[in-house]
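Chemist: could you work out the structure for the sequence below:
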Amino acid sequence: MAYRSKISRNRYYGSTFAGRVATSRETPLTDIVDAINRNTGKLERYASNYVEGKKDAADKYLEGYYATGGTPENLSNEILTGKHPELENMYAKTAIDTHNGRFMAAKAITEIERLKDTYKPFDGDGQTWNEWVKSLVDENGHAVIPNLEGKSKGFNTGFATVFGEYRANSLVDDAEMRGNYWNAKKQEAGMSYMHTRLMTMNNIGTDYWAQLETLNTQLPNVSGLTGKQYYFTTEEMNQLAINHASWVLSTATTTQELDKAMSILTADRGIGKGGNALGSLMNTKRKDVAELVESINNKKVSLTNQARADIEYNEKQDVKTIFNDFLSGDMTVENRDKAIEAIKKGNFGEPRLIEAVNSFYNKNRFTNTDPANIDTFYKEVLTGQYDSPSDVITAMLDKNIPTDKLGTALSYWSYWNSDNDKGK
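Modeler: Got it, this is the predicted structure:
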């Protein structure tokens, strides 16, 4: 016969084993305990909201206080004198400490920015940004970074929130600055090396990149970095060559030097790692390369024009010197022949200069001594009607101006030429 449970339905008997008495787990306090359990969450939320409300109120009050010119230094004294009853509680103290920490961080940041020119990361043994900041003192000799030991949690939190962000950004900027500095040093060293080699290259078009690629040395693998690393990457080699051509341009005083700068930009870079022909830097259509080529061409035209102007200037001075020496000396055959030889040697392109020497030497030369004619000739010289001493001399022949007036005429020409060069 199947077993039938004898469990009683009486709540004072709950045992599943027949004959064993089960006592009730409820007492007269059960309802009170259940009520407390049901309301504990609500009490906690109320307490939390109460605290947060006090903190928010203190925060808003402080924001208004600081916005109207209040300072952390004055606040403590004003609270003690009862000026701010809104802040006379434990929650306000946390808010005050937090704000004071923020303001102290802002003050430290201001001092760091004021003293930033004292940061010398590359002098001597070098200095890290953290070491430098730690060493800073203000105008009163106090450390810029305060000692946070013994400060409240609110103060430390406020300080760390503001200063931590500034420090993180500063360290990023410092790392970028150091990277740029050492990369620039590497570029300078590489360019110095390449310029030394450039001076002895027989064929820049083929030799330049063959030499530059010796700097493309593969470096040992570095933990955390993927791919192959090189002392000079392909892009850095390109930039080095461009910087080199730019430097040659900036220091060039001859068209031959400019030709070397252009040869760097037109040199064949050989075959890439993928087997493709790289061509020259000029073939890359880079804007900076195109601008550099234009600058080289412009300076070449300028130097060419200046060279021509220098030749013309020197020729004019040489003609003046020859005739001044000739006319200031004795009118002898020897001096005449010496002047003619100098004219031939100078190859001035003015055949009448030799005629002028012979004419001035001829004592029987016809001259017009009318003062009015001579004054008119002088005025013509002073107003720039004659571009060169050769023009002045040949005009004297044509106008039959006396030989002894040549020195004065050439002096007047020098006055006009000087003013003309100055744009007067």
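Chemist: and Arg308, how many neighbours does it have?
Modeler: Here the number of neighbours of Arg308 (other CB atoms under 10 Å) works out to 10. C-beta coordinates here come from the backbone N, C-alpha and C atoms, glycine included.
Chemist: just checking, what packs against the helix or strand that it is a member of?
Modeler: Per DSSP states H and E, Arg308 falls inside helix 287-328. Using 3 or more CB pairs under 8 Å, 6 or more residues apart in numbering; DSSP states H and E as the contact criterion, the neighbours of helix 287-328 among helices and strands are helix 234-251, helix 255-266, helix 333-346, helix 352-361, helix 389-399, helix 406-421.
Chemist: just the CA coordinates of the first one, formatted as CSV?
Modeler: It stands for helix 234-251. Included here for helix 234-251 are C-alpha records, laid out as CSV according to Å, rounded to 0.1, in the frame of the first residue of the first chain:
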residue,chain,number,x,y,z
THR,A,234,62.0,56.5,-46.7
GLU,A,235,60.1,59.7,-45.9
GLU,A,236,62.9,61.0,-43.7
MET,A,237,65.4,60.4,-46.6
ASN,A,238,63.1,62.3,-48.9
GLN,A,239,62.9,65.2,-46.4
LEU,A,240,66.6,65.2,-45.8
ALA,A,241,67.3,65.6,-49.5
ILE,A,242,64.7,68.4,-49.8
ASN,A,243,66.2,70.1,-46.7
HIS,A,244,69.7,69.7,-48.2
ALA,A,245,68.7,71.3,-51.5
SER,A,246,67.0,74.1,-49.6
TRP,A,247,70.1,74.7,-47.6
VAL,A,248,72.3,74.8,-50.7
LEU,A,249,69.9,77.3,-52.2
SER,A,250,70.0,79.6,-49.1
THR,A,251,73.8,79.7,-49.1
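Chemist: give the rounded mean pLDDT of the lengthiest helix in the chain.
Modeler: Taking DSSP state H as the assignment, the helix of the chain that covers the most residues is helix 153-198. Within the predicted structure, the mean pLDDT of helix 153-198 is 90.
Chemist: ok and the helix holding Arg308 relative to helix 389-399, angle-wise?
Modeler: Relative orientation of helix 287-328 versus helix 389-399 (axes from the mean of the first three to the mean of the last three CA atoms, to 10 degrees): 40 degrees.
Chemist: show residues contacting stretch 159-168.
Modeler: Stretch 159-168 is contacted from outside by 101-102, 104-106, 108-109, 133, 146, 148, 151, using CB atoms under 8 Å, 6 or more residues apart in numbering.
Chemist: now with 7 Å, please.
Modeler: 101-102, 104-106, 108-109, 148 (CB atoms under 7 Å, 6 or more residues apart in numbering).
Chemist: filter these down to the ones in strands?
Modeler: Assignment to strands by DSSP state E places none of those there.
Chemist: in a markdown table: these, plus pLDDT.
Modeler: Putting these into a markdown table (pLDDT from 0 to 100) gives the following:
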| residue | pLDDT |
| --- | --- |
| Gly101 | 89 |
| Arg102 | 90 |
| Met104 | 91 |
| Ala105 | 93 |
| Ala106 | 93 |
| Ala108 | 94 |
| Ile109 | 96 |
| Leu148 | 89 |
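Chemist: of the residues you listed, buried ones?
Modeler: For the contacts of stretch 159-168, a burial check counting by 16 or more other CB atoms under 10 Å picks out 101-102, 104-105, 108-109.
Chemist: just the closest of these to Glu176, please.
Modeler: Taking CB to CB as the measure, Ile109 is the one of the buried ones among the contacts of stretch 159-168 closest to Glu176, at 19.2 Å.
Chemist: shouldn't Met282 be in contact with Thr266?
Modeler: Yes. Between Met282 and Thr266 there is a contact under CB atoms under 7 Å: 5.4 Å.
Chemist: just to revisit the earlier point, check which element follows the longest helix of the chain along the chain.
Modeler: Beyond helix 153-198 on the C-terminal side, the first helix or strand identified by DSSP H and E is helix 204-212.
Chemist: show me what that following helix is packed up against.
Modeler: For helix 204-212, the elements it packs on are helix 153-198, helix 234-251, helix 255-266, judged by 3 or more CB pairs under 7 Å, 6 or more residues apart in numbering; DSSP states H and E.
Chemist: now those helices in CSV, with distance to Thr321?
Modeler: CSV is the format used below for those (distance: least, CB to CB, whole Å):
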stretch, distance to Thr321
helix 153-198, 40
helix 234-251, 33
helix 255-266, 28
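Chemist: quick one: low-confidence parts of the stretch 301-424 of the chain?
Modeler: Within the stretch 301-424 of the chain, the ranges that satisfy pLDDT under 70 run 363-364, 424.
Chemist: and with 90 instead?
Modeler: Confidence mapping of the stretch 301-424 of the chain against pLDDT under 90 gives the ranges 307-337, 339-370, 388-407, 410, 414-415, 417-424.
Chemist: that older thread, from the contacts of stretch 159-168, which single one is nearest Glu312?
Modeler: Proximity of the contacts of stretch 159-168 to Glu312 (CB to CB) peaks at Ile109, which lies at 64.0 Å.
Chemist: one step back: now the angle from the helix holding Arg308 to helix 234-251?
Modeler: For the pair helix 287-328 and helix 234-251, the angle between their directions (the same axes, to 10 degrees) equals 20 degrees.
Chemist: just the angle between helix 287-328 and helix 352-361, please?
Modeler: Angle, helix 287-328 to helix 352-361, by the same axes, to 10 degrees: 20 degrees.
Chemist: what angle sits between helix 287-328 and helix 255-266?
Modeler: Taking the same axes, to 10 degrees, one finds that helix 287-328 is oriented at 170 degrees with respect to helix 255-266.
Chemist: begin at 36 from now on, thanks
Modeler: Fine by me, first position is 36 from now on; the one you just mentioned is helix 322-363.
Chemist: that older thread, now render the helices and strands packed on helix 322-363 as TSV, adding distance to Met234 and mean neighbour count.
Modeler: Shown next, in TSV, are those (distance: least, CB to CB, whole Å; neighbours: other CB atoms under 10 Å):
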stretch	distance to Met234	mean neighbour count
helix 269-286	11	18
helix 290-301	9	19
helix 368-381	35	15
helix 387-396	43	18
helix 424-434	41	19
helix 441-456	36	16
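Chemist: could I get the ones you listed as a markdown table with distance to Thr153?
Modeler: Written out in a markdown table, the entries for those read as follows (distance: least, CB to CB, whole Å):
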| stretch | distance to Thr153 |
| --- | --- |
| helix 269-286 | 31 |
| helix 290-301 | 40 |
| helix 368-381 | 63 |
| helix 387-396 | 70 |
| helix 424-434 | 63 |
| helix 441-456 | 50 |
